[in-house]
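*Asks:* 3D model of this:
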Amino acid sequence: MNDAELDDLDELVEYLARTSRLEPKEARRVVDEVLSFLVEEPEAFVRRRHLALQRQGLSNTAIFLQLQAELAQRRFPAPAYTTRQLRRIIYG
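*Replies:* A predicted model of the protein is given here:
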């Protein structure tokens, strides 16, 4: 990030701390978490969601269908993955 972008983030942190009940450290953490969420690549999203859905007890068949639906609605331009491609991302 360049200096102007960092200044904007500092301004955002100050704004959040001023207009919410967040302490400045908490506001910084929230901003950092949101930025991390927004830059997540499709492959990392697939791995993360696969683990989360497995923990919920879903079968891989159901997981792959859900992943395909979620990827189509995400903020990043992800291609339409086939079940085979999703398996390769997860299992290598």
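*Asks:* any idea of the mean pLDDT in the helix or strand where Arg18 lies?
*Replies:* Assigned by DSSP states H and E, Arg18 belongs to helix 3-19. Taken as a whole, helix 3-19 has a mean pLDDT of 85.
*Asks:* Check which element follows that helix along the chain.
*Replies:* The element immediately downstream of helix 3-19 (helix or strand, assigned by DSSP H and E) is helix 24-38.
*Asks:* now the angle from that next one to helix 3-19?
*Replies:* 120 degrees (axes from the mean of the first three to the mean of the last three CA atoms, to 10 degrees).
*Asks:* Buried residues in helix 24-38, which are they?
*Replies:* For helix 24-38, a neighbour-count test (16 or more other CB atoms under 10 Å) marks Ala27, Arg28, Val30, Val31 as buried. The C-beta positions use only the backbone N, C-alpha and C, and glycine is treated the same way.
*Asks:* chain center to the worst-scoring helix or strand of the chain on mean pLDDT: distance?
*Replies:* Ranked by mean pLDDT, DSSP states H and E, the weakest helix or strand in the chain is helix 3-19, scoring a mean of 85. What separates the centre of helix 3-19 from the centre of its chain is 21 Å, taken as CA atoms, centre = their mean, to the nearest Å.
*Asks:* What is it packed up against?
*Replies:* Applying 3 or more CB pairs under 8 Å, 6 or more residues apart in numbering; DSSP states H and E, one finds that helix 3-19 contacts helix 24-38.
*Asks:* circling back to that earlier point, which residues does the least confident helix or strand of the chain contact?
*Replies:* The contact list for helix 3-19 (CB atoms under 8 Å, 6 or more residues apart in numbering) reads Met1, Leu22, Glu23, Pro24, Glu26, Ala27, Arg28, Val30, Val31, Leu35.
*Asks:* Compute the distance between Thr61 and Ala17, please.
*Replies:* For Thr61, the distance to Ala17 (CB to CB, to the nearest Å) stands at 46 Å.
*Asks:* for Arg88, same thing?
*Replies:* From Arg88 to Ala17 the distance is 44 Å (CB to CB).
*Asks:* Let's have the buried residues of helix 24-38 in CSV, adding pLDDT and distance to Glu70.
*Replies:* Below are the buried residues of helix 24-38 laid out as CSV (pLDDT from 0 to 100; distance: CB to CB, whole Å):
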residue, pLDDT, distance to Glu70
Ala27, 96, 29
Arg28, 96, 29
Val30, 96, 23
Val31, 94, 24
